[in-house]
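A.B. asks: Below are the sequence and a predicted model for it; my questions follow.
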Amino acid sequence: MADNWYYQRDGRTHGPICSDDLCGMAYAGELEPTDLIWQEGANPDEAVPAAAAISFLQSPPPAPQPANAPDWLDDVRRAEDPGLPTLEDAEPPDWLDDLEPPGERLEEVE
């Protein structure tokens, strides 16, 4: 996508807006697939429906990494990515068989 875009809804022109914000608007429902969009510097007569350039099924844009991000933050982000292995794909730990099955109690030791 180009860096800046304009969009038109109900005959009113809005922008310029950066491509990341435009995609975020599409995700949030603030941009309709039928709204007309065009690149900054292009002729508005060449505008196309937003659905022609933006995927309205996309996930939200990633949040910027904070300067003091904890070590585990990347693990959380990877866990949300459907393209990466999930917990269901992981091998169970070897100690898992030692746990008591649900609903059963160990004998009490006096």
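C.D. replies: Structure's in. What do you need?
A.B. asks: for residue 98, phi and psi?
C.D. replies: phi -80, psi -10 (degrees, to the nearest 10).
A.B. asks: which stretches of this protein have low pLDDT?
C.D. replies: 1-2, 57-63, 77-90, 96, 100-110 (pLDDT under 70).
A.B. asks: The lengthiest helix in the chain packs against which elements?
C.D. replies: Ranked by number of residues, the top helix in the chain under DSSP state H is helix 19-28. Packed against helix 19-28 by the contact rule (3 or more Cβ pairs under 8 Å, 6 or more residues apart in numbering; DSSP states H and E) you find strand 4-9. The way it works is simple: take the backbone N, C-alpha and C, and place the C-beta from them, glycine included.
A.B. asks: And the strands in this structure?
C.D. replies: Taking DSSP state E as the test, the strands found in the chain are 4-9, 12-18, 36-39, 48-49.
A.B. asks: which one of those strands has the most crowded surroundings?
C.D. replies: Most buried of the strands of the chain by mean neighbour count (mean count of other Cβ atoms under 10 Å) is strand 36-39; its value is a mean of 20.
A.B. asks: Many thanks, have a good one.
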